[in-house]
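In: Pasted the sequence and its predicted model underneath.
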Amino acid sequence: MPENAPILLWMRRDFRLADHPALAKAAALGRPVVPVFVLDEVAETYGAAPKWRLEAAIRHFAAELEKIGSRLILRRGGAQEVLLALAAEIGASQVLWTRAYDPDAIARDTRVKAALKQAGYAAESLPGHLMFEPWDVAPKQGNYFKVYSAFWRAVKERPVADLSAKATQLTAPKQWPHSDDLAGWQLSRAMNQGAAVLAKYAVVGEAAAQARLDQFIDTAIDTYKEARDFPDRPATSGLSENLAWGEISPARLWFAGQRALEAGAKGAEHFLKEVVWREFAYHLVYHTPRITSQNWRGEWDGFGWSEAEDAAVRRWQQGRTGVPLVDAAMREMYVTGTMHNRGRMIVASYLTKHMLTHWRIGQKWFEDCLIDWDPAANAMGWQWVAGSGPDAAPYFRVFNPQLQAKKFDADSRYVSRFVAELVDTPAREALDFYAACPRSWGLTPKDDYPDPVVGIDEGRKRALAAYENR
């Protein structure tokens, strides 16, 4: 290959210019760089809301690349075939990308790397999606950590690689290859009327992510530990959306949290623990990929969860279980594309324990509805609540939504914000739910609020009986 042969930079879920090791390496080599996003066999499986958010991330990142004299090339098809063809088309010598850790991505990347090397290209994956590589963190006995607290102790003092500088220029090739039209991919099609609603709440792009982080550090990190469980308060960073699409790196959050800790912010260590919780999820997905689709604890395979997507499950999906806190959280997801973490635990507990429905039903619904969907966090979160995962909440720990509401939403501000039927003058978010949900559901704000699908006490007793008889 010529010394000045172009570099193909394969973008995936890493839409940022700063602290991006693969992009930084490509820029430092001084050769022409052709960034490409491939709508490939993995991305094609994304749910409706993730595809909508992917489109927004691509559009924003493409504009940022143009500001530094570059472009984002779009191609659709199998990753291996597309990258081989594009590398040949531009005369590339090297292909770089950010490493991924979930089983579908690993399988794809393994095929791609082998094919590129066989064809004579230098192919390299670099870190950036995580702070700690899963194979670099191990207990003294065993191959991987199964308990979060031990994982936290193992990594909290480990050095994290310094942030790489923001790219301010990428050398352009003499001629740019053809790019697909993003609109032609119709990534938002499955969202239908909900796309316009999500657009009001999503916070897209690297600059917006940094602003979110700065605001959180300035106004909320000191009280984070005690306030983060109250869903009506602006007490969390909101950065899960941006982390999911790589618009900010976990290392940037880590260093910001460390500075806050050194400055005496009382909630800083707990924030750092949450950043590491994401790392732990990927640690588990890498070492035990079955967690994404099967009970992590095999002894749960015979448990009597229902896998029927029946009328009761549909009411859970619609946010019409008749349990206000559960319904508020489910509607928050439909309106904003995200859900408060306390809400995620409550709705998951209600589905898997009160309703005795398999966690996979909930996992798949979240996969379709969350703009901050993350394969590792979603899988581990559902199994943690259900009791079938590692470091799980015991099955007999059944969240009581009524008690949770008294503790974390005593004045019903969160419920009132999202459940129109329970207030005289519904909030904008409560009405946005009806604009976002499928017309086929036939829901209106004038509907009567339903009775519970399963009573709180009845559901708890049934869950404990099922647990005893498993």
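Out: In hand now; what should we look at?

In: all helices of the stretch 1-150 of the chain, in order?
Out: Secondary structure of the stretch 1-150 of the chain (DSSP state H, counting those that start in this stretch): helices at 21-28, 48-67, 79-90, 103-118, 148-155.

In: Nearest to Tyr434, out of those helices?
Out: Among those, helix 48-67 comes nearest to Tyr434, with 17.3 Å by Cβ to Cβ. C-beta: built from backbone N, CA, C; applies to glycine.

In: who's in contact with that closest one?
Out: Outside helix 48-67, the residues within contact range by Cβ atoms under 8 Å, 6 or more residues apart in numbering are 11, 15-17, 35, 37, 43, 46, 71-72, 74, 170, 182, 185, 187-188, 190-191, 194-195, 198-199, 202, 204-206, 241, 244-245, 247, 337, 367-373.

In: Give me the subset of these lying in helices.
Out: The helices, defined by DSSP state H, take in 182, 185, 194-195, 198, 206, 241, 244, 367-369 from these.

In: before we move on, back to that, can you add mean neighbour count, distance to Gly362 and mean pLDDT and give the helices of the stretch 1-150 of the chain back as TSV?
Out: Formatted as TSV, the helices of the stretch 1-150 of the chain follow (neighbours: other Cβ atoms under 10 Å; distance: least, Cβ to Cβ, whole Å; pLDDT from 0 to 100):
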stretch	mean neighbour count	distance to Gly362	mean pLDDT
helix 21-28	21	34	97
helix 48-67	20	15	98
helix 79-90	18	29	98
helix 103-118	16	20	98
helix 148-155	16	21	97
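
In: mind checking which of those helices is nearest Arg331?
Out: helix 48-67 (14.0 Å).

In: elements contacting the longest strand that the chain contains?
Out: Using DSSP state E, we find that the single longest strand of the chain is strand 33-39. Under the contact definition 3 or more Cβ pairs under 8 Å, 6 or more residues apart in numbering; DSSP states H and E, strand 33-39 sits against strand 7-11, helix 21-28, strand 73-76, helix 79-90.

In: returning to what we had before: show the buried residues in the ones in helices among the contacts of helix 48-67.
Out: Neighbour-count burial (16 or more other Cβ atoms under 10 Å) is assigned, among the ones in helices among the contacts of helix 48-67, to 182, 185, 194-195, 198, 206, 241, 244, 367, 369.

In: what would the residues you listed look like in TSV with distance to Lys461 and pLDDT?
Out: As requested, these are exported to TSV (distance: Cβ to Cβ, whole Å; pLDDT from 0 to 100):
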residue	distance to Lys461	pLDDT
Leu182	52	98
Trp185	49	98
Gly194	37	95
Ala195	42	96
Leu198	39	97
Glu206	50	98
Glu241	38	98
Ala244	38	98
Glu367	31	98
Cys369	30	98
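
In: closest to Glu226 among these?
Out: Set against Glu226, the nearest of those by Cβ to Cβ is Glu241 (23.7 Å).

In: I'd say Ser188 and Ala195 touch.
Out: Yes. Assessed by Cβ atoms under 8 Å, Ser188 is found in contact with Ala195 at 4.7 Å.

In: Only the buried subset of the contacts of helix 48-67, as a PyMOL command please.
Out: Buried subset of the contacts of helix 48-67, written as a PyMOL selection, criterion 16+ other Cβ under 10 Å:
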select buried, resi 11+15+16+17+35+37+43+46+71+72+74+170+182+185+187+188+190+191+194+195+198+202+204+205+206+241+244+245+247+337+367+369+370+371+372+373
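
In: Which of the buried ones among the ones in helices among the contacts of helix 48-67 sits closest to Ala28?
Out: Glu206 (19.5 Å).

In: which non-adjacent residue is nearest the closest one?
Out: Of all residues not flanking Glu206 in the chain, Arg16 sits nearest, at 4.5 Å (Cβ to Cβ, 6 or more residues apart in numbering).

In: My read is that the one you found contacts Pro250, right?
Out: No. Contact criterion Cβ under 8 Å: Arg16 and Pro250 do not qualify, at 11.7 Å.

In: Which residues outside stretch 159-173 are in contact with it?
Out: 6, 17-21, 23-24, 26-27, 30-35, 65, 68-71, 90, 127, 131-132, 249, 251-252, 254-255.

In: mind giving me the domain ranges of the chain?
Out: The chain is divided into the following domains under automatic domain parsing: 1-128, 130-159+194-287, 298-468.

In: Could you say which one of those domains comes nearest to Lys174?
Out: Closest of the domains of the chain to Lys174 is domain 1-128, at 7.4 Å (criterion: Cβ to Cβ).

In: could the buried ones among the ones in helices among the contacts of helix 48-67 go into a markdown table alongside distance to Asp411?
Out: Shown next, in a markdown table, are those (distance: Cβ to Cβ, whole Å):
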| residue | distance to Asp411 |
| --- | --- |
| Leu182 | 44 |
| Trp185 | 44 |
| Gly194 | 29 |
| Ala195 | 33 |
| Leu198 | 28 |
| Glu206 | 37 |
| Glu241 | 27 |
| Ala244 | 31 |
| Glu367 | 33 |
| Cys369 | 27 |
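
In: Out of these, which is nearest to Ala100?
Out: Of all those, Ala100 sits closest to Ala244, with 12.6 Å by Cβ to Cβ.

In: about what we covered before: of all the helices of the stretch 1-150 of the chain, which one is nearest Phe399?
Out: Of these, nearest to Phe399 by Cβ to Cβ is helix 148-155, at 18.9 Å.

In: which secondary structure elements does the closest one contact?
Out: helix 268-287.

In: Could you give me the buried positions within the helix it packs on?
Out: Across helix 268-287, burial judged by 16+ other Cβ under 10 Å covers 268-287.

In: Quick one: distance of that helix to the chain centre.
Out: 13 Å (Cα atoms, centre = their mean, to the nearest Å).

In: Give me the next element, helix or strand, following that helix.
Out: helix 311-318 (DSSP states H and E).

In: Check whether Arg462 really touches Met355, as I assumed.
Out: No. With contact defined as Cβ under 8 Å, Arg462 does not count as touching Met355 (9.1 Å).

In: of these two, who's got more company?
Out: Met355 (24 against 17; other Cβ atoms under 10 Å).

In: Contacts only, for the spatially closest residue to that one that is not a sequence neighbour.
Out: Leaving aside its sequence neighbours, Met355 sits nearest to Val454 (Cβ to Cβ, 6+ apart; 5.6 Å). Val454 makes contacts with 312, 321, 350, 354-355, 462, as judged by Cβ under 8 Å, 6+ apart.
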